[in-house]
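**Student:** requesting a structural model of the entry that follows:
(one chain, ligands or ions: 1)
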Amino acid sequence: MLFDAIELTLGKSPTFINRLYEGTMRNEIQCLKCRNKSYKVEKFMDLSLPVRSEFEKIYNSSLEMALFNLIKPERLEKDNQYFCEQCRAKVYIIMKMRLMQLNT
Ligand SMILES: [Zn+2]
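**Tutor:** Coordinates of the predicted model:
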């Protein structure tokens, strides 16, 4: 049902979309070496949920699936190393995204 609502709002005025989508998310970044956690809180006006995208080859069967894929822990490696203040070095991290508040 929510997915239908989103499809319906596409192409409508930005204000309408903002009102639907505005919220806060928290990114938890954990260093895999020292286990130190840091948080980054971000506001978003428009939660871009790639439910389906030909270009990125994303084919989620539902909005729930898209949300699940969005918040699943992500392990950043190789080119995506993160500078840990505690280790004073570039480290591997796990990043978790949590939605704190959604104005729907
Ligand atoms: Zn560290």
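**Student:** distance between the ends of stretch 74-90?
**Tutor:** 17 Å (Cα to Cα, to the nearest Å).
**Student:** do the same with stretch 54-72
**Tutor:** End-to-end for stretch 54-72, by Cα to Cα: 22 Å.
**Student:** how many neighbours does the residue lying closest to Asn60 once chain neighbours are set aside have?
**Tutor:** Closest residue in space to Asn60, ignoring its immediate chain neighbours: Ala66 at 4.2 Å, by Cβ to Cβ, 6 or more residues apart in numbering. Quick note: C-beta positions are derived from backbone N, CA and C, even for glycine. Burial of Ala66 is recorded as 19 neighbouring residues (other Cβ atoms under 10 Å).
**Student:** distance check, Ala66 against the ion.
**Tutor:** Counting by Cβ to the ion, to the nearest Å, the gap from Ala66 to the ion is 31 Å.
**Student:** just checking, that residue touches Tyr59?
**Tutor:** No: using Cβ atoms under 8 Å, Ala66 is not in contact with Tyr59; the gap is 10.0 Å.
**Student:** which strands and helices sit next to the helix or strand where the residue nearest to Asn60 lies?
**Tutor:** Applying DSSP states H and E as the criterion places Ala66 in helix 63-71. Secondary-structure packing of helix 63-71 (3 or more Cβ pairs under 8 Å, 6 or more residues apart in numbering; DSSP states H and E): helix 2-9, strand 93-102.
**Student:** could you tell me the least trusted of these?
**Tutor:** Mean pLDDT is lowest for helix 2-9 among those, at a mean of 53.
**Student:** wait, doesn't Arg75 sit right on Lys96?
**Tutor:** No: taking Cβ under 8 Å as the definition, Arg75 is not a contact partner of Lys96, at 10.3 Å.
**Student:** between those two, who's got more neighbours?
**Tutor:** Lys96 (16 against 10).
**Student:** where's the closest residue to the more buried one other than its chain neighbours, which helix or strand?
**Tutor:** In space, and not counting its chain neighbours, Lys96 is closest to Glu28: 4.3 Å by Cβ to Cβ, 6+ apart. Using DSSP H and E, the element containing Glu28 is strand 23-31.
**Student:** helix or strand right after that strand?
**Tutor:** Per DSSP H and E, the helix or strand that comes after strand 23-31 is strand 37-44.
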